[in-house]
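In: Okay, structure incoming, though there's no sequence with it:
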């Protein structure tokens, strides 16, 4: 798949890969063996009929392929861009045993984009004659649950705290990886199914669970995500110029700093930027800093490249664009100038020991290996915890040790009747597609609950 050259793309926020042409898509689709047991489907959290949509692309029925995708996936253009297919459907593709698997994700993106560019007459929304259901959070879990519930015939209202829907799709993932117009169109498709979207509604503050039940909602899905940033709790984290990745990316994405100077967003434009962490969010932050004009961007990660949780292609793109990687490195304190601004960090060199509970080798500090790194901006991207506002304001809701809502993972049921949950609020920070799968399972759980309740 063709993509922007690194030396060009670091100066803009346009999407990096261009996607398949129709000819490329049909050629790639023709590689699919149409396996009868379809192992690729078993690797898909949202249950897409992968062989069927690929066959439609091969046959040249691109609109039909998009319709087939949307039978089970309400956000295919998003999934085709940010879903880690290499660890899911493509990982179990038979062709991958001896060569390259079918590019399922890129084909999904192609079909979804084709439909956006060649819209057909929209079908009427499904009849909504069943009970009222509230969905809290317009992120991937909430949007998926809402779409499936609308498809089942429920009257669905989404309550979103921010002034734009999409959750992490909007405020977390940069424009060059997931264009906002794609998110907006996918949200429009969901609301086009008859789903009502209420913005600027902070559940747990402006509206409570009890008030939603009083307003006639028969069931509630909580999909408020993991929006509480984690820090390392080392000296200097409160200095000017030290951001959490949440704040940094939200300012850039939701407040459109990527369109500077058209939007004069108040975000510090560092010259020497250090990003702490080795996941996709760290890569997003580092690549964003480059596009905002940083002269030098360094990823500081305590393990090696092999243990980094970021997608291989994200690490590859970051390296192409000039991001420096300091692996086996752990920050231990930040340094400041007389005005309280960060000017550098002290770090330790690490070595890998025995595997820890995650299965990755545990990083161990090397005694006496301290050294200094110059920087005038730090972005801490070491993970997030569940948003605590709604769980803390809902008495009787059973929580896990790390603040997650405890659920039955097959149905999304919580400890309280009529309340369901899914996505990062129940699992901790995970992937978009895993959150979508949780929303889909919860929608079925809500349907079963309400149908049983009405009998």
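Out: Happy to help now that I have it. Bear in mind that the values here come from a model prediction, so they are computed numbers and not experimental data.
In: CA atoms for contacts and neighbours, from now on please.
Out: Will do.
In: residue contacts, residue 274?
Out: 286, 297-300, 375, 377-379 (Cα atoms under 8 Å, 6 or more residues apart in numbering).
In: so which of these comes closest to residue 174?
Out: residue 286 (10.7 Å; Cα to Cα).
In: any idea which helix or strand carries that closest one?
Out: Following DSSP states H and E, one finds residue 286 within helix 280-291.
In: Identify all contacting residues around that helix.
Out: 10-13, 172-174, 245, 248-249, 258, 269-270, 273-276, 296-299, 309-311, 314-315, 318, 321, 323, 379-382.
In: wouldn't residue 186 be in contact with residue 77 here?
Out: Yes - in terms of Cα atoms under 8 Å, residue 186 counts as a neighbour of residue 77; the distance is 7.5 Å.
In: neighbours of residue 123, just the number please.
Out: 8 (other Cα atoms under 10 Å).
In: do you know how far it is from residue 109?
Out: 22 Å (Cα to Cα, to the nearest Å).
In: still on that earlier bit, out of the contacts of helix 280-291, which end up buried?
Out: 10, 12-13, 172-174, 245, 248-249, 258, 269-270, 273-276, 296-299, 310-311, 314-315, 318, 321, 323, 379-382 (16 or more other Cα atoms under 10 Å).
In: ok, the lengthiest strand in the chain: who's next to it in the sheet?
Out: The single longest strand within the chain, with elements called by DSSP state E, is strand 342-355. Partners of strand 342-355 in the sheet, by DSSP bridges, are strand 329-336 (antiparallel), strand 361-365 (antiparallel), strand 371-374 (antiparallel).
In: Who is residue 349 paired with across the strands?
Out: Under the criterion used here (DSSP bridges), residue 349 is bridged to residue 329.
In: my guess is it meets residue 372, correct?
Out: No - between residue 349 and residue 372 there is no contact under Cα under 8 Å: 10.8 Å.
In: So for those two, which sits in the more crowded spot?
Out: More neighbours surround residue 349 than the other of residue 349 and residue 372, with 21 against 14 (other Cα under 10 Å).
In: buried set for the longest strand of the chain?
Out: Buried residues in strand 342-355 (16+ other Cα under 10 Å): 342-345, 347-352.
In: that older thread, between residue 186 and residue 77, who's got more neighbours?
Out: When residue 186 and residue 77 are compared for neighbours, residue 77 comes out ahead with 28 against 21, by other Cα under 10 Å.
In: picking up where we left off before, weakest of the strands paired with strand 342-355 in terms of mean pLDDT?
Out: Lowest mean pLDDT within those: strand 361-365, at a mean of 93.
In: Contacts made by that strand with the rest, please.
Out: Applying Cα under 8 Å, 6+ apart, the external contacts of strand 361-365 come out as 302-303, 307, 328, 348-356.
In: Give the full set of residues in contact with residue 301.
Out: Residue 301 neighbours (Cα under 8 Å, 6+ apart): 276-278, 325-330.
In: In contact with the nearest residue to residue 372 once chain neighbours are set aside: list those residues for me.
Out: Using Cα to Cα, 6 or more residues apart in numbering and skipping residues adjacent in sequence, the residue nearest residue 372 is residue 346, 4.6 Å away. Contact analysis of residue 346 by Cα under 8 Å, 6+ apart lists 331-335, 370-373.
In: Nearest to residue 432 among these?
Out: For the contacts of residue 346, the nearest to residue 432 is residue 331 (29.0 Å; Cα to Cα).
In: so how many other residues sit close to the spatially closest residue to residue 433 that is not a sequence neighbour?
Out: Take residue 433 and drop its neighbours on the chain: the residue closest to it by Cα to Cα, 6+ apart is residue 83, 5.8 Å away. Using other Cα under 10 Å, residue 83 has 19 neighbouring residues.
In: pretty sure residue 83 is touching residue 436, no?
Out: No - here residue 83 lies out of contact with residue 436, judged by Cα under 8 Å, at a distance of 10.4 Å.
In: Look up how far residue 339 lies from residue 88.
Out: According to Cα to Cα, residue 88 stands 49 Å off from residue 339.
In: Looking at these two, which one has more neighbours?
Out: Neighbours per residue (other Cα under 10 Å) separate residue 88 from residue 339, with residue 88 holding more: 17 against 8.
In: Verify the contact between that one and residue 44 for me.
Out: Yes - the criterion here is Cα under 8 Å, and residue 88 meets it with residue 44 at 6.3 Å.
In: if we can go back for a sec, quick one: average confidence on the helix holding residue 286?
Out: Across helix 280-291, the per-residue pLDDT values average to 96.
In: for residue 218, phi and psi?
Out: For residue 218, the backbone dihedrals (degrees, to the nearest 10) come out as phi -90, psi -20.
In: from memory it sits against residue 132, does it?
Out: Yes - contact between residue 218 and residue 132 holds when scored by Cα under 8 Å: they sit 5.8 Å apart.
In: How far does the helix holding residue 286 sit from its chain's centre?
Out: 14 Å (Cα atoms, centre = their mean, to the nearest Å).
In: Compute the inter-axis angle for whichever helix or strand comes after that helix and helix 280-291.
Out: For helix 280-291, the following helix or strand on the C-terminal side (DSSP H and E) is strand 296-300. Computed by axes from the mean of the first three to the mean of the last three Cα atoms, to 10 degrees, the angle separating strand 296-300 from helix 280-291 equals 170 degrees.
In: List the buried residues of the helix or strand of the chain with the lowest mean pLDDT.
Out: The weakest-scoring helix or strand in the chain, judged by mean pLDDT, DSSP states H and E, is helix 389-392 (a mean of 88). Going by neighbour count (16+ other Cα under 10 Å), the buried part of helix 389-392 is 390-391.
In: Summarise which helices and strands whichever helix or strand comes after it is packed against.
Out: Downstream of helix 389-392, the next assigned helix or strand under DSSP H and E is strand 419-421. Strand 419-421 makes packing contacts with strand 217-222, helix 432-454 when contacts are defined by 3 or more Cα pairs under 8 Å, 6 or more residues apart in numbering; DSSP states H and E.
In: Tell me where this protein is predicted with low confidence.
Out: Residue ranges of the chain with pLDDT under 70: 455.
In: Contacts only, for the nearest residue to residue 222 once chain neighbours are set aside.
Out: Leaving aside its sequence neighbours, residue 222 sits nearest to residue 421 (Cα to Cα, 6+ apart; 4.4 Å). For residue 421, the contact set (Cα under 8 Å, 6+ apart) comprises 221-223, 405, 407, 412-414, 439, 442.
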